[in-house]
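In: Pasting a predicted model and its sequence here:
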There are 2 protein chains.
Amino acid sequence: MSDWRGEKRAREERIAAGRPHATGKVVAAGAVIDLLEAVLRPGDRVCLEGDNQKQADCLARGLAACDPAKIHDLHMVQSGIVLPEHLDVFETGIARRLDYSYSGPQGGRIARMLYGGQIELGAVHTYLELFARYFVDLTPNVALIAGVSADREGNLYTGPNTEDTPTVVEATAFKNGVVIAQVNEIVERVPRVDIPGDRVDFVVAADKPFYVEPLFTRDPAAMTETQILMAMMAIKGIYAEYGIRRLNHGIGFGTAAIELLLPTYGERLGLKGKIATHWALNPHPTLIPAIESGWVSQVHCFGSEVGMDRYIRERPDVFFTGADGSLRSNRAFCQTAGLYACDLFIGSTLQIDLMGHSSTVTQNRVAGFGGAPNMGSDPHGRRHPSDTWMKAGREAQGGGDPLLMRGRKLVVQLVETFGDKLVPTFVERLDAMELAKKTGLELAPVMVYADDVTHIVTEEGIANLLLCRDAGEREQAIRGVAGYTEIGRGRDRAKVEALRSRGIVRRPEDLGIEPLDADRSLLAAKSIKDLVHWSGGLYDPPAKFRNW
Amino acid sequence: MSDWRGEKRAREERIAAGRPHATGKVVAAGAVIDLLEAVLRPGDRVCLEGDNQKQADCLARGLAACDPAKIHDLHMVQSGIVLPEHLDVFETGIARRLDYSYSGPQGGRIARMLYGGQIELGAVHTYLELFARYFVDLTPNVALIAGVSADREGNLYTGPNTEDTPTVVEATAFKNGVVIAQVNEIVERVPRVDIPGDRVDFVVAADKPFYVEPLFTRDPAAMTETQILMAMMAIKGIYAEYGIRRLNHGIGFGTAAIELLLPTYGERLGLKGKIATHWALNPHPTLIPAIESGWVSQVHCFGSEVGMDRYIRERPDVFFTGADGSLRSNRAFCQTAGLYACDLFIGSTLQIDLMGHSSTVTQNRVAGFGGAPNMGSDPHGRRHPSDTWMKAGREAQGGGDPLLMRGRKLVVQLVETFGDKLVPTFVERLDAMELAKKTGLELAPVMVYADDVTHIVTEEGIANLLLCRDAGEREQAIRGVAGYTEIGRGRDRAKVEALRSRGIVRRPEDLGIEPLDADRSLLAAKSIKDLVHWSGGLYDPPAKFRNW
């Protein structure tokens, strides 16, 4: 006779083993290692909450300090590889296998550990894809999560960085897993219940508040005139032409410049209320002037951003907030919104090849994908039309039965032809291909595949890949905006001019944009201090962005 | 100076207006109409929870009985149009605009009301797509939801049919909306907290338990030998060849037959543990024999199924369950799992055209899409490889740089060449095209577009569309399995034989399947009673399926 409760019984045994280290559900910070050694089993699938911003760092330190003789060969399944401890566990043998999504700061070390065979890589996912697998074949046995506060019953308040927590907890708690939360404080009653207590088994009173990374703050003072020119082209040549209302902006100075030009350049073009009204976006400080100028109807957020808490509390008509007044973010829903409800994704990348494939991977860094391949893909499952989507679809199709036409998601790459240290953005072959070979990856870590990209914007112009009818046109359109890179210099001038006459390649002058007008005076805010001013003093930038 | 709290203030006013009809948060069933008239405003976006299975029927009746002079022009944003009241509100003018996903039983009436101009249609979505829009531009002002029980603080227990509730509540409660829940009973303490009380504003003690539809029960007694033959072909020709472990089955007798053949035919082929181990699926009663035979590692569910509650409680290692022991389903996460973590979607359809486009819409019925176009699409955002997905990708690509290869989701149409009343499944032109013209829809209601379908299985054979290299081959492959339909008779015999020699069209004999072996004796269960027996008496089928 089969045993149908083995996993459930194992859960009960784990909790019983953890019990002696807790008072009720509450565990002192000093007992974390004992708790983890009691609850974890070798080979467990573990989600150590490493979000884009919020980090369960106290639990990460605890896990890294466990005895590898007791706890080993864990399979880590988590969004972000952000803290050193996230990789330390692989050096000591506590962990062996890794499935993840994003690794900004640890990208170099991951690459070295992959080459060295210290990490057995499952796959690099998008966020939403990893979440999907939590419910199918990567369900965590134990989730180590982070919140702001909890009561003694385990009811959890995440604060504005709710992020991945509800998703991780749902997959773990309802499939016989154990949920351990670190919180900054234990309280009588939480300000709002982000996670109900019956899904949380242990609550650790952390030794210090969890770490949050200010990932989405871009200082307007550092914006260049080239970025401003590109932002003008994007607004006039893409946002206005397609009437884009629902959108997501990737991280970077280029998109931040667009946000800062809406109330100035966008206003002058008469676009207020016609573009950029509904957002799936982290609370970018650079969006403050557009919000204050009445451009923005609503914003749903993946996570929060350091310093934006008071501002968000005072703008509940724009942001999603809880009864306590603070932001309620949710990465799973915001990624879904970006996938299916937005008409545009615009972001940046490090390399683009002649077909239009792009990647942020270099030979020495595996940065991970985050949300870009998800939001930067054309979702075939979409069935609702919008004017933007239909126009893009018509351009892509160029004929055939109009009733069998689908629209197209706009996926725009906003890149300077030369990146940091004058490294060319346009290349014959992506470094990602080399890395895949060296590390034996089955798939090259391509960020956005060529067939999903619709436009490339550089300081030289816009290439509309939707209108290209074959690979040859596509290559010349890409070369045609690749400036003085080797790829750009290899263009066939006559063919590029022919594409230009068809509106496939467009120069600033074709858009009625005078490059000399691309001036910092166009920025609605020229500094972090200006953003604070726009916010009426509600935005509270982190110390490293304060220079006054 | 701008007002940034207008929406929040409106919420407070609505709640204050509802207060006199409640004791604390609790409202008597008799006061529903008063409550709704107090809380709702003309033009509101309203989600009246109409899930695939669970219906907020008490609130639906209440809404339909409101005074159209007071409450009118609502914009309904809900998954399912299932109950008569869901459409009644459009006849009285209480509602005007509709965005939805699925309408099984009401498909005919919706079509008539669309023709008659009584419904202003936003769009027909997939579930996940509509959920996405809840967070971007279709955020409900008021959500009318259903649960099994609530306590006086509003903490809600949904029971096994959690379905859409967490998603609807999250979008509404955190964006200044009002959440009203009907429950079967008010209790001192809920068995588990599916929705925290601080997201629920009013709790209505319903006059009777909410309605649940047993949508996913298929009686093995009604299965034909043709369906069994097709199931054998699917298992041997697709599941085994691609090694499909992670999958979703659509609704229908064909897929139910596959489920019932796993422990018999599948066992004989030595496939146990090699295929069909991880599922995104409603708890189909026809999966019981495979579960009991140890085929199934785990199942995540969109919703529950009538009669499966006790069985699920006793199989916690397989299903996702809560601390109370009952199923925790979640449509948003399960649809995400189906999109990004499954390698196969297999379902049925009413019509397929010569290119492979399919639809369940006929000229007189608009059935809606449900989840099929989402799960039945190739997600470009996927970045993790699996053997199944890579093999399909190689077949589709047929050359080029292997490092730039992506895999492919398997999307299989399992159809008999003639459907109900001997209507041919294969057609020159989908009825959906005609309907789109008549109703002025911008997009034809195509269920799965041709470029996402990878295989078509009929009683005549399997067409592998991945291996087709042009539209001509594709057409002949489709004709080649279309049997005696006009489309099938229009085939070019020589070309079909050429495709057969390349393995693009495969007959039962090509697969080593003897059609005469397709016998009901292969079914692991031949009746609902057999399923009850397999379950050890834990499955409790609804009365209409009991004939003993």
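Out: Yep, it's here.

In: Check whether the helix of greatest length in chain A comes near chain B.
Out: The single longest helix within chain A, with elements called by DSSP state H, is helix A:6-18. Yes. Using Cβ under 8 Å from any Cβ of the partner chain, we find that helix A:6-18 touches chain B at A:6-8. Every residue, glycine included, has its C-beta placed from N, CA and C.

In: Now distance to B:L144 too, for those residues, in CSV please.
Out: Shown next, in CSV, are those (distance: Cβ to Cβ, whole Å):
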residue, distance to B:L144
A:G6, 41
A:E7, 37
A:K8, 35
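
In: now the strands: where do they sit in the stretch 201-350 of chain A?
Out: Along the stretch 201-350 of chain A, the stretches classed as strands by DSSP state E, counting those that start in this stretch are A:202-205, A:211-212, A:246-249, A:278-280, A:298-300, A:344-347.

In: between the ones you listed, which gets the lowest average pLDDT?
Out: Within these, the stretch with the lowest mean pLDDT is strand A:211-212, showing a mean of 91.

In: mind listing what that strand pairs with, with the direction of each?
Out: Here strand A:211-212 has these sheet partners by DSSP bridges: strand A:54-55 (antiparallel).

In: What mean pLDDT does the next helix or strand after the partner strand get?
Out: Counting by DSSP states H and E, the next helix or strand C-terminal to strand A:54-55 is helix A:57-64. On average, the pLDDT along helix A:57-64 is 98.

In: Who are the packing partners of helix A:57-64?
Out: helix A:32-39, strand A:45-48, helix A:84-91, strand A:142-150, strand A:178-186, strand A:202-205 (3 or more Cβ pairs under 8 Å, 6 or more residues apart in numbering or on different chains; DSSP states H and E).

In: Can you list the neighbours in contact with the second one?
Out: Looking back up the chat, that one is strand A:45-48. By Cβ atoms under 8 Å, 6 or more residues apart in numbering or on different chains, the residues outside strand A:45-48 that reach it are A:40, A:56, A:59-60, A:63, A:74-78, A:86, A:95, A:134, A:138-145, A:168, A:171-172.

In: partners of it, with directions?
Out: strand A:74-80 (parallel), strand A:142-150 (parallel).

In: got the angle for the last one vs helix A:57-64?
Out: Going back to what we said before, that points to strand A:142-150. 150 degrees (axes from the mean of the first three to the mean of the last three Cα atoms, to 10 degrees).

In: Now do strand A:142-150 against strand A:178-186, angle only.
Out: For strand A:142-150 against strand A:178-186, the angle by the same axes, to 10 degrees is 20 degrees.

In: same thing with the first one?
Out: Between strand A:74-80 and strand A:178-186, the angle formed by their directions is 50 degrees, by the same axes, to 10 degrees.

In: Doesn't A:N176 belong to a helix?
Out: No. Applying DSSP: H, G, I helix; E, B strand; the rest coil, one finds A:N176 to be coil, outside a helix.

In: My read is that it contacts B:P316, right?
Out: Yes. Between A:N176 and B:P316 there is a contact at 6.3 Å, judged by Cβ atoms under 8 Å.

In: What are the contacting residues of the lowest-mean-pLDDT helix or strand in chain A?
Out: Here the helix or strand of chain A ranked lowest by mean pLDDT, DSSP states H and E is helix A:431-439, holding a mean of 88. Helix A:431-439 has contacts (Cβ under 8 Å, 6+ apart) with A:111, A:114-115, A:121, A:351, A:359, A:361-363, A:366, A:441-446, B:401, B:403-404.

In: Mark which of these are part of strands, please.
Out: If you go by DSSP state E, the contacts of helix A:431-439 have A:121, A:351, A:359 in strands.

In: and the residues you listed as JSON lines, adding distance to chain B and pLDDT?
Out: Converted to JSON lines, those look like this (distance: Cβ to the nearest Cβ, whole Å; pLDDT from 0 to 100):
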{"residue": "A:L121", "distance to chain B": "10", "pLDDT": "94"}
{"residue": "A:Q351", "distance to chain B": "14", "pLDDT": "96"}
{"residue": "A:S359", "distance to chain B": "11", "pLDDT": "93"}
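
In: Quick check: closest non-adjacent residue to A:Y449.
Out: Leaving out its chain neighbours, the residue that sits closest to A:Y449 by Cβ to Cβ, 6 or more residues apart in numbering or on different chains is A:H357, at 5.8 Å.

In: hmm, I was thinking of A:Y484
Out: Per Cβ to Cβ, 6+ apart, closest to A:Y484 is A:T417, 6.7 Å.

In: From what I see, that neighbour and A:R479 are in contact.
Out: No. The criterion here is Cβ under 8 Å, and A:T417 misses it with A:R479 at 10.8 Å.

In: Relative to chain B, how far out is A:R469?
Out: The gap separating A:R469 from chain B is 17 Å, by Cβ to the nearest Cβ, to the nearest Å.

In: What of A:Y340?
Out: From A:Y340 across to chain B, the span is 4 Å (Cβ to the nearest Cβ).

In: ok, the closest residue to that residue other than its chain neighbours to A:A290 distance?
Out: Spatially, and ignoring its direct neighbours in sequence, A:Y340 is nearest to B:A132 (3.7 Å; Cβ to Cβ, 6+ apart). B:A132 sits 22 Å away from A:A290, going by Cβ to Cβ, to the nearest Å.

In: neighbour-wise, which of these two wins?
Out: B:A132 (32 against 26; other Cβ atoms under 10 Å in any protein chain shown).

In: which SSE is the more buried one in?
Out: Assigned by DSSP H and E, B:A132 falls within helix B:127-134.

In: Give the residues shared as contacts by A:N176 and B:P316.
Out: With contacts defined as Cβ under 8 Å, 6+ apart, the residues shared by A:N176 and B:P316 are A:7-8.

In: Would stretch A:270-284 count as contacting chain B?
Out: Yes. Stretch A:270-284 lies within reach of chain B by Cβ under 8 Å from any Cβ, at A:278-280.

In: Buried residues, that stretch. List them.
Out: In terms of neighbour count (16 or more other Cβ atoms under 10 Å in any protein chain shown), stretch A:270-284 has its buried residues at A:271-272, A:275-284.
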